[in-house]
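> Got a predicted model here, sequence first, then my questions.
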Amino acid sequence: MVNLDTLTETRAAILQRMSDSIKNDDRDAYMAAFADLANDIEAGIRADFEEFKANQDVAILAQRGVRQLTGKENEFYQKLIQAMRAPDPRQAISNGNYILPDTIVEKLFEDIREAHPLLGLIDFQNTGALTKIIKSTTSGTADWDPLGTTVSDELGASFVQINLTAAQLTAYMPVAKYMLELGPEWLDRYVREVLLEAVATALEAAIVDGDGKNKPIGMGRQLSNAVDGVYPRKSDTANLTELDPAAFGTILNTLSINSNGKVRAVTDLIMVVNPSDYYTKVFSGSTVRTADGTYRSDVLPYPCKVITSPAVPSNKAIFGMPKRYFMGLGTGEGGNIEFSDHYKFLERERVYLIYLYGNGRALDANDFIVCDIENLIPTVQHVVVDGTVTTAASA
């Protein structure tokens, strides 16, 4: 019997490998890790299916992420299974029109937001077949003028046009023949889970540290001075040794002024760090002991949500307002599922792919800042004694 706890631990290690390979631009390492991911997901689904088959308990389906399909979704998967079983799946897929139904894409976005906190906090939108989108970079300002004064730029916000076809994300789906025997509902879970992990890992890496060349511009990157399409990393705003009010005052003051010098409120602040740095530095630097002897973690001088992401470089922390980062992603008009023989993960598997189009960037150069946390120290609680304390040694 498959140990689900072991699968969970294995999944975490695989996702870390995928994230590392993206940062290192190591395609072979990524594809190897992705093959292991597909095998891990398949093993989990196989175990759940065998449990359901043995017990015939419908409640197991919902617990294991198997959902009731709509008529359109069921028809799509039935046709896809038939094509995948064909002697020549390439021809069968090419001759068909296998575009993921909108409801499957929407469910994928919902899963991504739930599984990856950072993607649930930013302005993450399913853009469908759109090729460009215009976003306001400021909220504009209003001013008092004498009657009859020509309205100029008091309410004139700045806008940025984001080309959604500038970046392409290829999502691979290695489908074993065994999966085709489980039926549409279980194949749906497999497809969504593979796309969830593959797409979310690549998205998060780009949103945090993407260099802008055929990919989004990350939170930790400048929005100008690109060289050959590559945007440089931001310089450190501060070298944090403590997560105290003084340090947060510097952070908030920097974020409160946009690139045009306009003052704004800092709301919904987040701090994004590498998981290793969180456990070795941030956790001890933001954990305090209460009067009743218990501990509270992530205690900071200003409301701030701490998020871990393997995409953040070691010894760095990114602070900013997540809703100020826009990421649009869609299947586009040509979002068909295609057959691919470029990557043969396992001889018994056939590989399919789908192209997703999108792009992302912060709306203003000052929406996110980077701080060095290499020398961050644990929180030291200061105790003030009111009056005189008599000890045994002084008595």
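Cool, the structure landed.

> doesn't Pro101 make contact with Lys72?
Yes - using Cβ atoms under 8 Å, Lys72 is in contact with Pro101, at 5.2 Å. Where you see a C-beta, it was placed from the backbone N, CA and C, and this is true even at glycine.

> Have a look at the two and say which one is more surrounded.
Set Lys72 next to Pro101 and count neighbours by other Cβ atoms under 10 Å: Pro101 wins out with 16 against 11.

> What are the buried residues along stretch 82-89?
Applying a neighbour-count criterion of 16 or more other Cβ atoms under 10 Å, one finds 83-84, 89 buried in stretch 82-89.

> Out of the residues you listed, flag the one nearest to Thr280.
Minimum distance to Thr280 across those is 45.9 Å, recorded for Met84 (Cβ to Cβ).

> The closest one should be in a strand, yeah?
No - using DSSP: H, G, I helix; E, B strand; the rest coil, the assignment for Met84 is helix, not a strand.

> List the residues that contact it.
Counting by Cβ atoms under 8 Å, 6 or more residues apart in numbering, Met84 touches 92-93, 175, 180, 350, 352.

> Let's see which of the residues you listed end up in helices.
Of the contacts of Met84, the ones assigned to helices by DSSP state H are 92-93, 180.

> who wins for neighbours among the contacts of Met84?
With neighbours taken as other Cβ under 10 Å, the top of the contacts of Met84 is Tyr352, carrying 23 neighbours.

> Check the gap between the residue nearest to that residue when sequence neighbours are not counted and Lys323 for me.
Excluding the flanking residues, the one nearest Tyr352 by Cβ to Cβ, 6 or more residues apart in numbering is Met173, at 4.6 Å. Here Met173 is placed at a distance of 32 Å from Lys323 (Cβ to Cβ, to the nearest Å).

> between these two, who's got more neighbours?
In terms of neighbours (other Cβ under 10 Å), Met173 is the more surrounded of Met173 and Lys323; the figures are 19 against 14.

> Which pLDDT does the model give the more buried one?
In this prediction, Met173 carries a pLDDT score of 80.

> Confirm that it lies within a helix, as I assumed.
No - according to three-state DSSP, Met173 belongs to no helix; its state is strand.

> Could you pull up the contacting residues of it?
Met173 neighbours (Cβ under 8 Å, 6+ apart): 38, 191, 194-195, 337, 351-354.

> ok, now how distant is it from Asp367?
The spacing between Met173 and Asp367, counted by Cβ to Cβ, is 35 Å.

> and what of Ser286?
Going from Ser286 to Asp367 by Cβ to Cβ gives 23 Å.

> With Leu169 instead?
Note on Leu169: its distance to Asp367, by Cβ to Cβ, is 23 Å.

> Compare the two (neighbour count), which wins?
Neighbour totals were compared for Leu169 and Asp367, and Asp367 leads with 22 against 18 (other Cβ under 10 Å).

> related to what we said a few turns ago, and the contacts of Met173 as TSV, adding pLDDT and distance to Ala362?
Below are the contacts of Met173 laid out as TSV (pLDDT from 0 to 100; distance: Cβ to Cβ, whole Å):
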residue	pLDDT	distance to Ala362
Ala38	85	33
Val191	87	32
Val194	86	29
Leu195	85	26
Ile337	78	33
Val351	78	35
Tyr352	80	34
Leu353	78	30
Ile354	80	28
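
> Now render these as CSV, adding distance to Pro184.
Shown next, in CSV, are the contacts of Met173 (distance: Cβ to Cβ, whole Å):
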residue, distance to Pro184
Ala38, 19
Val191, 10
Val194, 16
Leu195, 16
Ile337, 14
Val351, 20
Tyr352, 16
Leu353, 20
Ile354, 17
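
> Show me the one in the residues you listed that has more neighbours than the rest.
Result: Ala38 is most packed of the contacts of Met173 (other Cβ under 10 Å), 25 neighbours.
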